[in-house]
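Novice: Need a 3D model of the sequence below.
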Amino acid sequence: RMETDCNPMELPNNTGFEEDSDYRDFEGTDVKDMRLEAEAVVNDVLFAVSNMFVSKALPCAEDVAYINVETRERNRYCLELTEAGLRVVAYDFDQTDDRLQTPYHETVYSLLDSLSPAYRELFGNALLQRLEALKKESQS
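Specialist: Take a look at the predicted model:
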C-alpha cells in the first residue's frame, strides 16, 4: 500500500471532546480521532458535492474513518481517511473493496479534483468569489 507524507488538516483546539468520557484516554497524547478529522473534511467541501457524510455503517477508529461522497455528476464513492491521506475504497456508499488499489491523496481537495469536474468548477468559483471579496475589502 502506498504511503505518502501528509499534513492532515488541523482541528481547532476547542473541539470540546475533552469532556466526552469516550475520549478521556486520549488526553495528553498526540492521537487524533479520525472521526473528528472526517467531520472537518466533510464540512470543508460539502458545498461543492451533492452529498457527503461520515459513514455510520463502517467502523471509525482513532486511525481510520470512512466518508461517503456523491459528486455533482451523481457518482458515489466511499473514501478511507487515515494518516496516509484519503483514497477511494469503493464505488458506492458504506462499502470497501480490498481489490481496489487507488492512490492516496494528501487532501480532500486533490482527491475530489481528480474525481469530479463539477467539484473543480465550484471550488474554483468559490475561490474567485473569496478573492473578489478580499479585493473589495482592501479597496475600502
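
Novice: Spatially, which residue comes closest to Ile67, not counting chain neighbours?
Specialist: Leaving out its chain neighbours, the residue that sits closest to Ile67 by Cβ to Cβ, 6 or more residues apart in numbering is Leu79, at 4.4 Å. No exception for glycine: its C-beta is placed from N, CA and C like everyone else's.

Novice: Surely the one you found touches Asp92?
Specialist: No - Leu79 is beyond contact range of Asp92, at 11.8 Å (criterion: Cβ atoms under 8 Å).

Novice: Can you show me the strands along this protein?
Specialist: Along the chain, the stretches classed as strands by DSSP state E are 51-54, 65-70, 76-82, 85-90.

Novice: sorry, back to before: ok, Leu79 and Asp92, which is more surrounded?
Specialist: Remark: of Leu79 and Asp92, Leu79 carries more neighbours, 26 against 12, as counted by other Cβ atoms under 10 Å.
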